[in-house]
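A.B. asks: what's the 3D shape of this:
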Amino acid sequence: MKNIVLIGYRGSGKTTVGRLLAERLGRPFVDTDAAIETAAGESIAEVFASEGERGFRRREKQAIARATQTEGLVLSVGGGAVLDRANVDGLQNEGTIVWLIAAAEVLWDRIREDAQSPSARPDLTPRGGLEEVRSVLAVREPAYRAAADLIVDTTGRVPEDVVAAILKALPSFKGE
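C.D. replies: You can find the predicted model right below:
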């Protein structure tokens, strides 16, 4: 049973949709960012502060490698995971990759509405804010597109509707 892997920028709904999709399919859910936090005993922001982005990416690669050893998961990976070719290869070999998308403005609104986001996730550029979302998306979009088997727009949709769209597009998963 192949994994279903959710990729996309922060605020795209990977964790929320992943939990609902896993529940609907009766599958385990793994969020690699949560796995990193558990293993490190600190938030992603604290990992970035203590180990830098390089240390975080090393931990992310390990979390993805561990998760892809298990079949039948719904797996949510960090937004930058697709920048490492080894991560993408492992995810593609073991799963169907669903890219959750939304416009930069929508993502930024969701990030601002998330009370935990400022303390849990670091800025990735000195600019921060909407300009950061736009610039980071511009860099990552080709990698997301190259990795994705399916693209689902989350704009204006509640998580349950996103799950329904994924299941409709991947009918083989309905009965699992």
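A.B. asks: what packs against the helix ranked longest in the chain?
C.D. replies: Secondary structure of the chain per DSSP state H: the longest helix is helix 44-67. Contacting helix 44-67 under the criterion 3 or more Cβ pairs under 8 Å, 6 or more residues apart in numbering; DSSP states H and E are the following elements: helix 32-40, helix 85-94, helix 117-120. (C-beta placed from N, C-alpha, C; glycine too.)
A.B. asks: Now do the buried residues in the longest one.
C.D. replies: What that stands for is helix 85-94. Applying a neighbour-count criterion of 16 or more other Cβ atoms under 10 Å, the buried positions in helix 85-94 are 87, 88, 90, 91, 92, 94.
A.B. asks: Pull the distance from it to the chain's centre.
C.D. replies: Centre-to-centre, helix 85-94 and its host chain are 14 Å apart (Cα atoms, centre = their mean, to the nearest Å).
A.B. asks: Give me the helices and strands touching that helix, please.
C.D. replies: With contacts taken as 3+ Cβ pairs under 8 Å, 6+ apart, helix 85-94 sits against strand 3-7, helix 44-67, helix 129-147.
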